[in-house]
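Peer 1: here's my sequence, what's the structure:
(one chain, ligands or ions: 1)
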Amino acid sequence: MKTITEKNKVTMQRIFSGIQPSGNLHLGNYLGAIKQWEQLQYEYESIFCIVDLHAITVPQDPIELRKKTLEVAKIYLAAGVNPDKATLFVQSQVKEHTELAWILNTMARLGDLEKMTQFKDKSAKSEKETVGVGLFDYPVLMAADILLYDTALVPVGQDQIQHIELARTLAKRFNARFGETFTVPQGKLSDEGALIMGLDDPTKKMSKSAASEYNYISLTDEAEMVRKKIKKAVTDSGSEIVYSDDKPALKNLINIYTLLSGKTKEEIAKLYQGKGYGDFKNDLAEVIANFLAPFQARLKNISDDEALAILHSGAEKIRPLAQKKMQAVKERMGILF
Ligand code: TYM
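Peer 2: All right, here's what the predicted structure looks like:
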């Protein structure tokens, strides 16, 4: 996607997105976010971040955090993010993210943050007095991530749309008070992949932090585990393979099948006419395993050093953009720099 700037120079619009290096990345993360990135990177100037400062809003083991940060970078690469096309970096390596987050905190309102459903879900299990301030403030840091880079589009899953709304609100609020400074971003959802539901409960999203590993298919699950999990996945009453809102469990499984096989829902319905869940599930497990096998082979072949070098050069490349935006912000606000 290209735009003509004031100087009549054709520039590519920018996309930005990120994933937390926590838990096990799963098919929902891939189908909701990474798969879109892989396709969009050829049309947009693309920045993909590993948001470690978001991950620490809940307790993390230091050794695990370091390992996961590298693993997420490798997952981006193995899934087809091309470091010659897109910039990959770790959020904490560009300090302007936290600096802008503080400034946006002075624009954000309690009312903005209190209605965030992800915060409500994550904090629901704890007493209010013990809920971390970082968890509450999390969407402001996410707004900073996005607004630092004049992002036009944010390719994410459905669960992040409310956070992007906040980024839009903060951008508009800042612009209205201090003059045009931030691009107002838009979320971008993938069609059927925007909300992949849990295999053990089709009323809740597939989640890295789910209590049971039977909720999700991890991108690093081996074929045997995939078969086990799909076999155990809940299904609806009846035995017909039909795509319908009345059958949310089956609808979710058909969505996964469609997105990974390229077959349409109609083709799938036809394929399983007169057959039952058993055949459908066996084939779905093979579709998933066949997708994961080459992905995992690529993942194994990416070394820590290779991933580290890509992340460091990404941060070097991106830092001047972030610094320039922070200068503009400070100048408009009357902050000396
Ligand atoms: P995170 O790490 O929870 O998830 C990463 C991406 O995966 C998507 N996703 C899903 N998509 C479909 N179905 C699901 N079940 C599913 N679960 C997760 C998420 O929507 C997301 O796109 N706050 C963000 C990380 C973040 C960010 C940003 C994203 C921080 N700063 C700036 C975009 C731009 C998060 O926690 O994602």
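Peer 1: from here on, contacts and neighbour counts on C-alpha atoms
Peer 2: Fine.
Peer 1: show the contacting residues for the nearest residue to residue 226 once chain neighbours are set aside.
Peer 2: What sits nearest to residue 226 in space, not counting adjacent residues and going by Cα to Cα, 6 or more residues apart in numbering, is residue 285, at 6.1 Å. Contact analysis of residue 285 by Cα atoms under 8 Å, 6 or more residues apart in numbering lists 223, 226, 227, 230.
Peer 1: may I have stretch 193-208 as CSV, with CA atoms only?
Peer 2: Output of stretch 193-208 as CSV, limited to C-alpha atoms (Å, rounded to 0.1, in the frame of the first residue of the first chain):
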residue,chain,number,x,y,z
GLY,A,193,-8.4,-16.4,11.9
ALA,A,194,-9.3,-13.3,13.9
LEU,A,195,-10.6,-15.3,16.8
ILE,A,196,-9.6,-19.0,17.2
MET,A,197,-11.4,-20.5,20.1
GLY,A,198,-10.1,-22.9,22.7
LEU,A,199,-10.2,-26.6,21.8
ASP,A,200,-11.5,-27.4,25.3
ASP,A,201,-14.1,-24.6,25.4
PRO,A,202,-15.3,-22.9,22.2
THR,A,203,-16.8,-20.0,24.1
LYS,A,204,-13.3,-18.7,25.1
LYS,A,205,-10.4,-17.8,22.9
MET,A,206,-7.4,-20.1,22.4
SER,A,207,-4.9,-18.7,24.9
LYS,A,208,-1.2,-19.0,25.8
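Peer 1: oh, and call the first residue 595 from now on, that's how I've got it
Peer 2: Yes, from this point I'll number from 595; that puts the last item at stretch 787-802.
Peer 1: show me what counts as buried in that stretch.
Peer 2: For stretch 787-802, burial by neighbour count (16 or more other Cα atoms under 10 Å) applies to 787-796, 799-802.
Peer 1: ok, and of those, which contact the ligand?
Peer 2: Contacts with the ligand within these, as defined by Cα under 6 Å from any ligand atom: 787, 788, 789, 790, 791, 799, 800, 801.
Peer 1: redo the residues you listed as JSON lines? Include pLDDT and secondary structure.
Peer 2: Putting these into JSON lines (pLDDT from 0 to 100; DSSP: H, G, I helix; E, B strand; the rest coil) gives the following:
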{"residue": "787", "pLDDT": "89", "secondary structure": "helix"}
{"residue": "788", "pLDDT": "93", "secondary structure": "helix"}
{"residue": "789", "pLDDT": "96", "secondary structure": "coil"}
{"residue": "790", "pLDDT": "98", "secondary structure": "coil"}
{"residue": "791", "pLDDT": "98", "secondary structure": "strand"}
{"residue": "799", "pLDDT": "95", "secondary structure": "strand"}
{"residue": "800", "pLDDT": "97", "secondary structure": "coil"}
{"residue": "801", "pLDDT": "95", "secondary structure": "coil"}
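Peer 1: next, the residue of the chain most remote from its centre: secondary structure please.
Peer 2: Using Cα atoms, centre = their mean, the residue of the chain lying farthest from its centre is residue 868. It sits 37.8 Å away. Of the three states, residue 868 takes coil according to DSSP: H, G, I helix; E, B strand; the rest coil.
Peer 1: burial measure for the closest residue to it other than its chain neighbours, as a count.
Peer 2: Excluding its sequence neighbours, the residue lying closest to residue 868 (Cα to Cα, 6+ apart) is residue 834, at 7.5 Å. The tally of other residues near residue 834 (other Cα atoms under 10 Å) stands at 15.
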